[in-house]
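In: Just a sequence and a predicted model for now, questions to come.
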Amino acid sequence: MTRSFTRLAWTAATFTYLLIILGAIVRITGSGLGCGEHWPLCNGKLLPPLDLPTMIEYGHRLAAAAVSGLVLALAAYAWWLQRGAGSGERYPPVKTAYIALGLLVVQVLLGAVTVKLSLPPWTIILHLGTAMLLLATLILAARLTPGALTPGASPGIAGARYSRAGLLALVLGFITVLLGALTANLGAASACLGFPLCNGQVIPAGNYLQHVHWVHRLMAYTLFAYVVWWAVRSSDGAARAAPTAPGRPRGRGHGGVGRPGAGDTLTRPTIRSRSARPAGARDSPRGPRCRCRR
Ligand code: HEM
(Lines give C-alpha, C1' and ligand atoms only; values in the text may rest on other atoms or scores of the structure.)
Protein backbone atom coordinates (compact mmCIF):
# COMPACT_ATOMS: atom_id res chain seq x y z
CA MET A 1 0.00 0.00 0.00
CA THR A 2 2.74 2.44 0.93
CA ARG A 3 4.62 1.37 -2.20
CA SER A 4 1.70 2.69 -4.24
CA PHE A 5 2.03 5.98 -2.36
CA THR A 6 5.74 6.13 -3.20
CA ARG A 7 5.05 5.35 -6.86
CA LEU A 8 2.33 7.98 -7.04
CA ALA A 9 4.61 10.57 -5.38
CA TRP A 10 7.44 9.79 -7.85
CA THR A 11 5.02 9.99 -10.80
CA ALA A 12 3.75 13.38 -9.60
CA ALA A 13 7.35 14.59 -9.11
CA THR A 14 8.36 13.41 -12.61
CA PHE A 15 5.38 15.13 -14.27
CA THR A 16 6.08 18.30 -12.28
CA TYR A 17 9.68 18.25 -13.47
CA LEU A 18 8.53 17.92 -17.11
CA LEU A 19 5.98 20.70 -16.56
CA ILE A 20 8.74 22.99 -15.25
CA ILE A 21 10.68 22.39 -18.48
CA LEU A 22 7.53 23.13 -20.48
CA GLY A 23 7.07 26.36 -18.46
CA ALA A 24 10.60 27.39 -19.41
CA ILE A 25 9.73 26.70 -23.07
CA VAL A 26 6.66 28.96 -22.69
CA ARG A 27 8.86 31.79 -21.43
CA ILE A 28 11.76 31.34 -23.84
CA THR A 29 9.48 31.17 -26.92
CA GLY A 30 7.52 34.22 -25.70
CA SER A 31 4.28 32.20 -25.66
CA GLY A 32 3.12 33.43 -22.24
CA LEU A 33 0.15 35.27 -23.76
CA GLY A 34 -0.63 32.46 -26.24
CA CYS A 35 -4.07 32.22 -24.59
CA GLY A 36 -4.41 36.01 -24.28
CA GLU A 37 -5.20 37.31 -20.81
CA HIS A 38 -7.80 34.57 -20.43
CA TRP A 39 -7.95 32.08 -17.60
CA PRO A 40 -9.22 29.40 -17.09
CA LEU A 41 -10.32 29.53 -20.74
CA CYS A 42 -7.81 30.01 -23.54
CA ASN A 43 -8.61 32.93 -25.85
CA GLY A 44 -12.15 32.73 -24.47
CA LYS A 45 -12.57 29.10 -25.52
CA LEU A 46 -12.22 25.66 -23.97
CA LEU A 47 -10.73 24.31 -27.22
CA PRO A 48 -9.09 27.30 -28.97
CA PRO A 49 -7.77 27.34 -32.55
CA LEU A 50 -4.09 26.52 -32.21
CA ASP A 51 -1.24 28.60 -33.61
CA LEU A 52 2.24 27.85 -32.22
CA PRO A 53 2.25 30.19 -29.15
CA THR A 54 -1.30 29.11 -28.25
CA MET A 55 -0.35 25.44 -28.61
CA ILE A 56 2.65 25.90 -26.27
CA GLU A 57 0.72 27.87 -23.61
CA TYR A 58 -2.32 25.58 -23.92
CA GLY A 59 -0.03 22.54 -23.61
CA HIS A 60 1.45 24.04 -20.44
CA ARG A 61 -2.02 24.43 -18.97
CA LEU A 62 -3.07 20.88 -19.95
CA ALA A 63 0.11 19.48 -18.38
CA ALA A 64 -0.62 21.58 -15.26
CA ALA A 65 -4.08 19.98 -15.15
CA ALA A 66 -2.47 16.51 -15.25
CA VAL A 67 -0.06 17.46 -12.43
CA SER A 68 -3.01 18.85 -10.45
CA GLY A 69 -4.82 15.50 -10.80
CA LEU A 70 -1.74 13.61 -9.57
CA VAL A 71 -1.10 15.89 -6.59
CA LEU A 72 -4.78 15.80 -5.66
CA ALA A 73 -4.77 11.99 -5.89
CA LEU A 74 -1.65 11.88 -3.69
CA ALA A 75 -3.26 14.04 -1.00
CA ALA A 76 -6.47 12.01 -1.15
CA TYR A 77 -4.51 8.76 -0.90
CA ALA A 78 -2.52 10.14 2.05
CA TRP A 79 -5.77 11.09 3.77
CA TRP A 80 -7.18 7.60 3.13
CA LEU A 81 -4.05 5.87 4.48
CA GLN A 82 -4.06 8.12 7.53
CA ARG A 83 -7.70 7.26 8.19
CA GLY A 84 -6.94 3.54 7.84
CA ALA A 85 -4.04 3.81 10.29
CA GLY A 86 -6.58 4.96 12.89
CA SER A 87 -4.15 7.15 14.80
CA GLY A 88 -4.44 10.81 15.76
CA GLU A 89 -0.76 11.27 14.90
CA ARG A 90 -0.24 12.80 11.47
CA TYR A 91 2.53 10.99 9.59
CA PRO A 92 5.25 12.90 7.71
CA PRO A 93 4.31 11.69 4.19
CA VAL A 94 0.71 12.70 4.84
CA LYS A 95 1.84 16.18 5.88
CA THR A 96 4.06 16.53 2.80
CA ALA A 97 1.22 15.42 0.51
CA TYR A 98 -1.03 18.11 2.05
CA ILE A 99 1.72 20.73 1.74
CA ALA A 100 2.13 19.76 -1.95
CA LEU A 101 -1.61 20.29 -2.45
CA GLY A 102 -1.40 23.74 -0.81
CA LEU A 103 1.58 24.69 -3.01
CA LEU A 104 -0.29 23.48 -6.09
CA VAL A 105 -3.25 25.77 -5.34
CA VAL A 106 -0.85 28.73 -4.89
CA GLN A 107 0.95 27.77 -8.12
CA VAL A 108 -2.21 27.60 -10.23
CA LEU A 109 -3.41 30.95 -8.83
CA LEU A 110 -0.01 32.50 -9.58
CA GLY A 111 -0.28 31.17 -13.15
CA ALA A 112 -3.70 32.79 -13.45
CA VAL A 113 -2.48 36.13 -12.02
CA THR A 114 0.53 35.99 -14.37
CA VAL A 115 -1.67 35.94 -17.48
CA LYS A 116 -4.36 38.29 -16.14
CA LEU A 117 -1.67 40.93 -15.41
CA SER A 118 0.13 40.32 -18.75
CA LEU A 119 3.25 38.63 -17.37
CA PRO A 120 4.76 40.98 -14.75
CA PRO A 121 8.23 39.74 -13.67
CA TRP A 122 7.34 39.44 -9.97
CA THR A 123 4.56 36.88 -10.56
CA ILE A 124 6.72 34.85 -12.94
CA ILE A 125 9.53 34.73 -10.36
CA LEU A 126 7.08 33.63 -7.64
CA HIS A 127 5.62 31.10 -10.12
CA LEU A 128 9.09 29.62 -10.69
CA GLY A 129 9.96 29.61 -6.96
CA THR A 130 6.70 27.85 -6.06
CA ALA A 131 7.31 25.30 -8.84
CA MET A 132 10.67 24.45 -7.24
CA LEU A 133 9.11 24.11 -3.78
CA LEU A 134 6.37 21.87 -5.19
CA LEU A 135 8.92 19.62 -6.88
CA ALA A 136 11.01 19.41 -3.69
CA THR A 137 7.94 18.60 -1.58
CA LEU A 138 6.86 15.79 -3.93
CA ILE A 139 10.35 14.28 -3.92
CA LEU A 140 10.34 14.46 -0.13
CA ALA A 141 6.93 12.74 0.00
CA ALA A 142 8.32 9.92 -2.18
CA ARG A 143 11.50 9.58 -0.10
CA LEU A 144 9.73 9.67 3.25
CA THR A 145 7.35 6.85 2.55
CA PRO A 146 8.79 3.43 3.45
CA GLY A 147 7.24 2.21 6.65
CA ALA A 148 6.24 5.71 7.65
CA LEU A 149 2.53 5.02 7.57
CA THR A 150 2.72 2.27 10.14
CA PRO A 151 1.96 3.46 13.68
CA GLY A 152 5.12 3.52 15.80
CA ALA A 153 7.41 2.85 12.85
CA SER A 154 10.32 5.03 11.91
CA PRO A 155 9.30 7.68 9.38
CA GLY A 156 12.13 6.88 6.96
CA ILE A 157 14.25 9.95 6.42
CA ALA A 158 11.84 12.04 8.48
CA GLY A 159 13.36 10.70 11.68
CA ALA A 160 16.74 11.69 10.38
CA ARG A 161 18.31 14.99 11.30
CA TYR A 162 19.23 17.05 8.28
CA SER A 163 22.85 17.97 7.89
CA ARG A 164 23.51 21.69 7.93
CA ALA A 165 25.78 21.28 4.92
CA GLY A 166 22.91 19.85 2.84
CA LEU A 167 20.44 22.49 3.95
CA LEU A 168 22.89 25.27 3.13
CA ALA A 169 23.36 23.81 -0.39
CA LEU A 170 19.58 23.73 -0.83
CA VAL A 171 19.15 27.33 0.30
CA LEU A 172 22.02 28.54 -1.91
CA GLY A 173 20.56 26.61 -4.87
CA PHE A 174 17.08 28.05 -4.32
CA ILE A 175 18.33 31.65 -4.08
CA THR A 176 20.47 31.13 -7.21
CA VAL A 177 17.43 29.83 -9.14
CA LEU A 178 15.30 32.81 -8.05
CA LEU A 179 18.05 35.25 -9.06
CA GLY A 180 18.25 33.43 -12.41
CA ALA A 181 14.52 34.01 -12.90
CA LEU A 182 14.98 37.67 -11.95
CA THR A 183 17.84 38.00 -14.46
CA ALA A 184 15.78 36.41 -17.24
CA ASN A 185 12.55 38.26 -16.54
CA LEU A 186 14.09 41.73 -16.13
CA GLY A 187 15.83 41.26 -19.48
CA ALA A 188 19.25 41.31 -17.77
CA ALA A 189 20.60 38.23 -19.58
CA SER A 190 22.72 40.28 -21.99
CA ALA A 191 23.71 42.95 -19.43
CA CYS A 192 26.92 41.05 -18.58
CA LEU A 193 28.90 39.81 -21.54
CA GLY A 194 32.01 37.63 -21.26
CA PHE A 195 32.84 34.93 -18.73
CA PRO A 196 33.64 34.63 -15.85
CA LEU A 197 33.71 38.42 -15.34
CA CYS A 198 30.91 40.85 -16.17
CA ASN A 199 32.00 42.87 -19.19
CA GLY A 200 35.59 42.27 -18.06
CA GLN A 201 34.94 43.87 -14.64
CA VAL A 202 34.96 42.38 -11.14
CA ILE A 203 32.50 45.05 -9.96
CA PRO A 204 30.43 46.18 -12.95
CA ALA A 205 30.19 49.94 -13.16
CA GLY A 206 26.98 49.94 -15.19
CA ASN A 207 23.24 49.96 -14.47
CA TYR A 208 21.13 47.86 -12.10
CA LEU A 209 20.58 45.14 -14.74
CA GLN A 210 24.31 44.41 -14.67
CA HIS A 211 24.21 44.23 -10.89
CA VAL A 212 21.27 41.79 -10.87
CA HIS A 213 22.99 39.57 -13.44
CA TRP A 214 26.32 39.78 -11.62
CA VAL A 215 24.82 38.85 -8.22
CA HIS A 216 23.20 35.82 -9.91
CA ARG A 217 26.59 34.77 -11.28
CA LEU A 218 28.32 35.32 -7.93
CA MET A 219 25.72 33.13 -6.22
CA ALA A 220 26.23 30.45 -8.87
CA TYR A 221 30.04 30.56 -8.42
CA THR A 222 29.59 30.35 -4.64
CA LEU A 223 27.21 27.38 -5.00
CA PHE A 224 29.63 25.60 -7.33
CA ALA A 225 32.61 26.12 -4.99
CA TYR A 226 30.56 25.07 -1.99
CA VAL A 227 29.30 21.84 -3.60
CA VAL A 228 32.85 20.90 -4.72
CA TRP A 229 34.17 21.57 -1.19
CA TRP A 230 31.30 19.54 0.28
CA ALA A 231 31.90 16.59 -2.06
CA VAL A 232 35.67 16.55 -1.34
CA ARG A 233 35.10 16.80 2.39
CA SER A 234 32.50 13.99 2.26
CA SER A 235 34.70 11.62 0.23
CA ASP A 236 37.67 12.30 2.54
CA GLY A 237 35.50 11.51 5.54
CA ALA A 238 34.08 8.35 3.91
CA ALA A 239 37.62 7.11 3.16
CA ARG A 240 38.72 7.74 6.76
CA ALA A 241 35.63 6.01 8.16
CA ALA A 242 36.03 2.92 5.92
CA PRO A 243 35.72 -0.39 7.84
CA THR A 244 38.95 -1.72 9.31
CA ALA A 245 37.56 -5.19 9.99
CA PRO A 246 34.78 -7.19 8.33
CA GLY A 247 31.39 -6.42 9.83
CA ARG A 248 32.61 -3.35 11.70
CA PRO A 249 30.31 -0.36 11.33
CA ARG A 250 31.67 2.67 9.49
CA GLY A 251 32.16 5.38 12.06
CA ARG A 252 29.19 6.82 13.91
CA GLY A 253 25.89 5.73 12.35
CA HIS A 254 27.47 4.23 9.20
CA GLY A 255 29.25 7.26 7.88
CA GLY A 256 29.37 9.45 10.97
CA VAL A 257 27.33 12.14 9.35
CA GLY A 258 27.63 15.47 11.10
CA ARG A 259 31.29 15.10 12.07
CA PRO A 260 33.43 17.35 9.90
CA GLY A 261 34.74 15.32 6.98
CA ALA A 262 32.79 12.20 7.80
CA GLY A 263 30.72 11.17 4.80
CA ASP A 264 28.27 14.02 5.17
CA THR A 265 25.04 13.54 3.26
CA LEU A 266 21.78 15.45 3.12
CA THR A 267 20.23 13.21 5.73
CA ARG A 268 21.38 11.10 8.57
CA PRO A 269 20.63 7.42 8.93
CA THR A 270 17.46 6.48 10.74
CA ILE A 271 17.45 4.42 13.89
CA ARG A 272 14.24 2.43 14.17
CA SER A 273 12.45 3.27 17.40
CA ARG A 274 12.29 0.58 20.10
CA SER A 275 8.49 0.37 19.85
CA ALA A 276 8.70 -0.32 16.11
CA ARG A 277 11.09 -3.25 16.40
CA PRO A 278 9.77 -6.73 15.69
CA ALA A 279 9.18 -8.79 18.82
CA GLY A 280 12.34 -10.62 19.89
CA ALA A 281 14.73 -8.34 18.05
CA ARG A 282 17.69 -7.31 20.21
CA ASP A 283 20.35 -4.64 20.02
CA SER A 284 23.79 -5.71 18.97
CA PRO A 285 26.58 -5.37 21.58
CA ARG A 286 27.72 -2.23 19.72
CA GLY A 287 24.41 -0.42 20.16
CA PRO A 288 20.91 -0.39 18.70
CA ARG A 289 20.29 -1.98 15.34
CA CYS A 290 20.42 0.55 12.60
CA ARG A 291 18.00 0.67 9.70
CA CYS A 292 20.16 2.87 7.52
CA ARG A 293 19.17 4.28 4.17
CA ARG A 294 22.00 4.14 1.68
C1 HEM B 1 1.56 22.78 -11.25
C2 HEM B 1 1.35 23.82 -11.99
C3 HEM B 1 2.40 24.65 -12.69
C4 HEM B 1 3.79 24.58 -12.69
C5 HEM B 1 4.67 23.61 -11.90
C6 HEM B 1 4.27 25.62 -13.55
C7 HEM B 1 5.61 25.92 -13.79
C8 HEM B 1 6.06 26.93 -14.61
C9 HEM B 1 7.45 27.28 -14.80
C10 HEM B 1 8.62 26.63 -14.13
C11 HEM B 1 7.50 28.32 -15.67
C12 HEM B 1 8.78 29.01 -16.19
C13 HEM B 1 9.08 30.24 -15.37
C14 HEM B 1 10.40 30.87 -15.77
O15 HEM B 1 11.15 30.27 -16.54
O16 HEM B 1 10.70 31.98 -15.32
C17 HEM B 1 6.14 28.63 -16.04
C18 HEM B 1 5.78 29.63 -16.91
C19 HEM B 1 4.48 30.01 -17.13
N20 HEM B 1 3.34 29.48 -16.57
FE21 HEM B 1 3.24 27.88 -15.34
N22 HEM B 1 3.19 26.30 -14.07
C23 HEM B 1 2.03 25.74 -13.57
C24 HEM B 1 0.74 26.11 -13.82
C25 HEM B 1 0.35 27.16 -14.62
C26 HEM B 1 -1.00 27.56 -14.87
C27 HEM B 1 -2.26 26.87 -14.33
C28 HEM B 1 -0.97 28.63 -15.68
C29 HEM B 1 -2.21 29.31 -16.16
C30 HEM B 1 -2.31 30.37 -16.69
C31 HEM B 1 0.44 28.94 -15.96
C32 HEM B 1 0.94 29.96 -16.73
C33 HEM B 1 2.25 30.18 -17.05
C34 HEM B 1 2.72 31.22 -17.96
C35 HEM B 1 1.85 32.20 -18.71
C36 HEM B 1 4.11 31.11 -18.01
C37 HEM B 1 5.06 31.94 -18.87
C38 HEM B 1 5.42 33.26 -18.26
C39 HEM B 1 6.34 34.00 -19.23
O40 HEM B 1 5.97 34.18 -20.38
O41 HEM B 1 7.43 34.36 -18.82
N42 HEM B 1 1.21 28.00 -15.28
N43 HEM B 1 5.28 27.78 -15.37
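Out: Perfect, I can see it now.
In: ok, how many other residues are close to the residue in the stretch 101-250 of the chain positioned nearest to the ligand?
Out: Across the stretch 101-250 of the chain, no residue is closer to the ligand than Gly111, which sits at 2.4 Å (Cβ to the nearest ligand atom). No exception for glycine: its C-beta is placed from N, CA and C like everyone else's. Gly111 has 21 neighbours, counted by other Cβ atoms under 10 Å.
In: got a pLDDT number for it?
Out: We have a pLDDT of 98 for Gly111.
In: Repeat that for His254.
Out: Looking at His254, its pLDDT reads 39.
In: before we move on, what about the one 5 residues further on?
Out: Looking at Arg259, its pLDDT reads 39.
In: Check Ser235 too.
Out: 85.
In: isn't there a helix covering it?
Out: Yes. The assignment for Ser235 is a helix, going by DSSP: H, G, I helix; E, B strand; the rest coil.
In: okay, and for the stretch 151-294 of the chain, where does confidence drop off?
Out: 151-162, 243-294 (pLDDT under 70).
In: what does it have sitting close to the ligand?
Out: Counting by Cβ under 6 Å from any ligand atom, the residues of the stretch 151-294 of the chain close to the ligand are 181, 184-185.
In: re earlier: find the nearest non-adjacent residue to the residue of the stretch 101-250 of the chain closest to the ligand, please.
Out: In this structure, Gly111 finds its nearest non-sequential neighbour in His127, 6.2 Å apart by Cβ to Cβ, 6 or more residues apart in numbering.
In: Buried residues of the strand or helix carrying Ala169, list them for me.
Out: Using DSSP states H and E, Ala169 maps to helix 164-185. Buried residues in helix 164-185, counting neighbours by 16 or more other Cβ atoms under 10 Å, are found at 165-166, 169, 172-173, 175-185.
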